[in-house]
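Q: next input, structure requested:
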Amino acid sequence: MGLNWKQWNKNDIIFGIIVPVIVVLVIVGFASIRSLLGSGSMESLGVVIGITMEITELTIIVAVPLMLGLVWNRWAGGASGFLMGTFYAIYWSSSVSRLEGGGIILLAYILSPMLIGFIAGALNKQSEDFRRMLISSLVATTIGGIMLLAIFQLSPSNVVTGVNAVLYNVLPRMLMGVIIPVVAKVFFWYGMGIHKHPNVA
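A: Numbering: from 1, shown residues only. Below is the predicted model:
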């Protein structure tokens, strides 16, 4: 039986209102960094823009499919990876599609997150064991990062190669492979896994 309109608790306020508002404010803060810095040092501005773009990319096309793969299943992880990757590719399509071989770059943005979500779900199998989640996510993000890097190399417009390519494409995904299992474990603690009842206090 579901909750009625009188059954509220402090977790509803914290996780239903306060946390989402804080997350939105943090996102807006990251998005506003460029305008807040003004026309100061172009080098420091470039670093900030690079970091915020990397955080955006990792959140959209790594964290979301990885999380759904771990806490739900491979189909949810793969499907969300396909959708989030498609959204991200559409976002970049106006600038990337004009480049020679730009289509293959956009394809990489779709295939890599789909692979990450699917592999994470296929290996984890809805397990709540932290070590299994960690291994599953590290394998998934490493393979997804390597595939992204390999597909990028097929584009004549790709300029990031060698060690820098690994640093920019594979290592940040592996870092997410360590962070997201921690978040997933917290989800399981609060009863938000696939076998739980999330509306029970």
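
Q: whatever helix or strand residue 113 lives in packs against which elements?
A: Assigned by DSSP states H and E, residue 113 belongs to helix 102-124. Where contact means 3 or more C-beta pairs under 8 Å, 6 or more residues apart in numbering; DSSP states H and E, helix 102-124 is packed against helix 64-71, helix 74-96, helix 130-152. Just so you know, the C-beta spots here come from the backbone N, C-alpha and C atoms, and that holds for glycine as well.

Q: what's the weakest-modelled helix or strand in the chain?
A: Here the helix or strand of the chain ranked lowest by mean pLDDT, DSSP states H and E is helix 42-58, holding a mean of 69.

Q: just the mean pLDDT for stretch 170-186, thanks.
A: On average, the pLDDT along stretch 170-186 is 93.

Q: list the buried residues for it?
A: 170, 172-174, 176-177, 180-181, 184-185 (16 or more other C-beta atoms under 10 Å).

Q: contact partners of it?
A: For stretch 170-186, contacts defined as C-beta atoms under 8 Å, 6 or more residues apart in numbering pick out 54, 58, 62-63, 66-67, 70-71, 116, 128, 130, 133-134, 136-142, 144-146, 148-149.

Q: how about stretch 149-165?
A: Stretch 149-165 is touched from outside by 99-102, 104-105, 107-108, 111-112, 166, 168-170, with contacts defined as C-beta under 8 Å, 6+ apart.

Q: start and end of that stretch, how far apart?
A: One end of stretch 149-165 to the other measures 7 Å (C-alpha to C-alpha, to the nearest Å).

Q: quick check: mean pLDDT across stretch 61-73?
A: On average, the pLDDT along stretch 61-73 is 93.

Q: just the CA trace of it, in CSV.
A: Backbone C-alpha positions of stretch 61-73 (Å, rounded to 0.1, in the frame of the first residue of the first chain) are rendered in CSV as follows:
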residue,chain,number,x,y,z
ILE,A,61,27.8,10.0,-20.7
VAL,A,62,29.6,8.1,-17.9
ALA,A,63,27.9,8.5,-14.5
VAL,A,64,24.3,8.1,-15.6
PRO,A,65,24.6,4.9,-17.7
LEU,A,66,27.1,3.5,-15.2
MET,A,67,24.8,4.1,-12.2
LEU,A,68,21.8,2.7,-14.0
GLY,A,69,23.8,-0.4,-15.1
LEU,A,70,24.9,-1.0,-11.5
VAL,A,71,21.7,-0.5,-9.6
TRP,A,72,19.2,-1.7,-12.3
ASN,A,73,20.5,-4.0,-15.1
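
Q: show me how far it is from its chain's centre.
A: Relative to its parent chain, stretch 61-73 has a centroid offset of 8 Å by C-alpha atoms, centre = their mean, to the nearest Å.

Q: give me the buried positions along that stretch.
A: Residues of stretch 61-73 classed as buried: 61-73 (neighbour count, 16+ other C-beta under 10 Å).
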